[in-house]
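Colleague: Just the structure for this:
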Amino acid sequence: MAILSKDGSILFITRMVRLFAYGSLSVILLIYLAQIGLSDTQIGLLLTLTLLGDTIISLWLTTRADCVGRRRMLLAGAGLMVFGGTLFALTTSYAVLLIAAIIGVISPSGYEVGPFLSIEQSALSNIIPDEKRTQIFAWYNLAGLFTTALGAIVTGILVQLLENAHITPVASYRTIIVGYAALGFLLAALFCALSPLVEVPVESSCEVPSEFRKRFGLHRSKSIVFKLSALFSLDAFAGGFILQSILAYWFYKRFGVQPALLGSIFFGANILAGVSSLSASWMASRIGLVKTMVYTHIPSNILLMLVPLMPNLPLAITVLLLRFSISQMDVPTRQSYVMAVVEPDERSAAAGITGVARTVGASFSPVLAGPLLASATLASIPFFISGSLKIIYDLLLYRSFQAIRAPEESE
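Modeller: Have a look, this model is predicted:
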């Protein structure tokens, strides 16, 4: 990996802190909500509203970040993370939890929510050369996946230790949520240390903006961004059926797996996903970004549909780990492709809009998955819905964008 500047190093650290928090929360969130008395249907609705709230907030922050300031918007996101985590820790009131879900930044998936990813990648694209972008993004994703995995396993161990010390399960889960809010404060301190180099130069951004740009932050690239957004929304809708917290809950209900083992499973899964993503830049340099996305994504979704067909826990874990070993190779290539095909002063908006499209897509799935998970006979259906829709997305993406190449791919 190329040597990063001070700003690049800070952005890697903020990614790691944030994903550690997300990985920690995803292992226990649904179990915690069930323990404080919420039904599966209520949990599904809460997850949907969480993702919808993140969508609105992310859209507003990211489409203004290039004009108002990327650092300012990152600080705003950190504040909302503190707000959401604090309310989740302090109350069992369903109405208040709904408010926290809508306004705060809470990650039920173990992966990115809020404005952070879009703005950070735009900032990174400012300070790295185009030919290194996919490689740096692969390492950036590896850093996140590693700390997601670390967060998951640390949470499993910590919860087990607290329960062994006769702390109630609810209190032990609440400790994790308090830690999530505290890490939001750490993020804010790190964002304050970024330099002006991460911002768009004043002379190249926001001069006499049109009404459309004022609202969405786009100009020349709006057509391609909206086409990508539609496809990414389909992919995320499919992925919303098997969020990491839903997978953890499925293993808990199907095989009685406890948090300590769940943490270990997702530690291994995320490590495999992160290491495999490093090969994405190598493959993309040879066959192109779009082909890399599609050729690795289809096999991973076939493996996903095989997980609930396994007759016992060891086989189910094995197939899940095989799936994770290739499931994230499309991520750095997808992110790099978005940065490559838009103008530099549209990058935050483009990443934000495509990211929000993914959040919108994912937000509707949990409320549909909740009733399915509540039924012993239907609990595995989300795997099949997710895998099938993701394969449709892959085919549509290839058909629509195989001819549109990133500048560094031009011969």
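Colleague: could you point out which element follows the longest helix seen in the chain?
Modeller: When secondary structure is assigned using DSSP state H, the longest helix within the chain turns out to be helix 130-164. Note on helix 130-164: by DSSP states H and E, the next helix or strand toward the C-terminus is helix 169-192.
Colleague: I'd like the average pLDDT over that following helix.
Modeller: Averaged over helix 169-192, pLDDT sits at 93.
Colleague: Just the angle for it relative to helix 130-164, thanks.
Modeller: Between helix 169-192 and helix 130-164, the angle comes out at 150 degrees (axes from the mean of the first three to the mean of the last three Cα atoms, to 10 degrees).
Colleague: Show me what helix 169-192 is in contact with.
Modeller: For helix 169-192, the external contacting residues (Cβ atoms under 8 Å, 6 or more residues apart in numbering) are 10, 13-14, 17-18, 20-21, 24-25, 27-28, 31-32, 35-36, 71, 74-75, 78-79, 81-82, 84-86, 88-89, 105, 155, 158-159, 162-163, 167. Just so you know, the C-beta spots here come from the backbone N, C-alpha and C atoms, and that holds for glycine as well.
Colleague: May I see the PyMOL selection of the buried members of the residues you listed?
Modeller: To isolate the buried ones among the contacts of helix 169-192 in PyMOL, judged by 16 or more other Cβ atoms under 10 Å, type:
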select buried, resi 10+13+14+17+18+20+21+24+25+27+28+31+32+35+71+74+75+78+79+81+82+84+85+86+88+89+105+155+158+159+162+163
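Colleague: Just to be sure, which of the contacts of helix 169-192 are found in strands?
Modeller: Counting by DSSP state E, the contacts of helix 169-192 place none of their members in strands.
Colleague: Just want to check the distance between the closest residue to G355 other than its chain neighbours and M283.
Modeller: Nearest residue to G355 in three dimensions, chain neighbours excluded: S118, at 4.8 Å (Cβ to Cβ, 6 or more residues apart in numbering). According to Cβ to Cβ, to the nearest Å, S118 and M283 sit 24 Å apart.
Colleague: Contacts only, for L304.
Modeller: Contacts for L304 were tallied using Cβ under 8 Å, 6+ apart; they are 242, 323, 327, 383, 386-387, 390.
Colleague: So among those, where is pLDDT lowest?
Modeller: pLDDT is lowest at S327 among those; the value there is 83.
Colleague: for that residue, phi and psi?
Modeller: Note on S327: backbone dihedrals following degrees, to the nearest 10 are phi -70, psi -20.
Colleague: Please tell me how far it sits from A143.
Modeller: If you measure S327 against A143 using Cβ to Cβ, the figure is 17 Å.
Colleague: Same check on R15?
Modeller: When Cβ to Cβ is the yardstick, R15 and A143 sit 6 Å from each other.
Colleague: now R64
Modeller: From R64 over to A143 the distance is 27 Å, taken as Cβ to Cβ.
Colleague: So those two - more neighbours on which side?
Modeller: Taking neighbours as other Cβ atoms under 10 Å, R64 and A143 compare with R64 leading, 23 against 17.
Colleague: pretty sure the more buried one is in contact with M73, am I right?
Modeller: Yes - under the criterion of Cβ atoms under 8 Å, R64 is in contact with M73, at a separation of 6.8 Å.
Colleague: What are the contacting residues of stretch 84-97?
Modeller: Counting by Cβ under 8 Å, 6+ apart, stretch 84-97 makes contact with 33, 36-38, 42, 46, 99-101, 103-106, 174, 177-178, 180-182, 184, all of which sit outside it.
Colleague: Now restrict these to buried residues only.
Modeller: Of these, these count as buried by 16+ other Cβ under 10 Å: 33, 38, 42, 46, 99-101, 103-106, 174, 177, 180-181, 184.
Colleague: For stretch 112-125, list the C-alpha coordinates in PDB.
Modeller: Listed next in PDB are the C-alpha coordinates belonging to stretch 112-125 (Å, rounded to 0.1, in the frame of the first residue of the first chain):
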ATOM      1  CA  GLU A 112     -21.300   1.700   7.300                       C
ATOM      2  CA  VAL A 113     -24.300   4.000   8.000                       C
ATOM      3  CA  GLY A 114     -24.500   7.800   8.000                       C
ATOM      4  CA  PRO A 115     -22.400  10.300   6.000                       C
ATOM      5  CA  PHE A 116     -19.000   9.100   7.000                       C
ATOM      6  CA  LEU A 117     -18.000   6.700   4.200                       C
ATOM      7  CA  SER A 118     -19.000   8.900   1.300                       C
ATOM      8  CA  ILE A 119     -17.200  12.000   2.700                       C
ATOM      9  CA  GLU A 120     -14.100  10.100   3.800                       C
ATOM     10  CA  GLN A 121     -13.700   8.500   0.400                       C
ATOM     11  CA  SER A 122     -14.100  11.800  -1.400                       C
ATOM     12  CA  ALA A 123     -11.500  13.200   0.900                       C
ATOM     13  CA  LEU A 124      -9.100  10.300   0.200                       C
ATOM     14  CA  SER A 125      -9.600  10.700  -3.500                       C
END
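Colleague: what kind of secondary structure is G114 in?
Modeller: For G114, the secondary structure call by DSSP: H, G, I helix; E, B strand; the rest coil comes out as coil.
Colleague: who's in contact with it?
Modeller: With Cβ under 8 Å, 6+ apart, G114 has these contacts: 54, 57-58, 61, 77, 80-81, 105, 107.
Colleague: tell me the two of these that are most distant?
Modeller: Of all pairs drawn from these, the greatest distance, 15.9 Å, lies between L61 and S107 (Cβ to Cβ).
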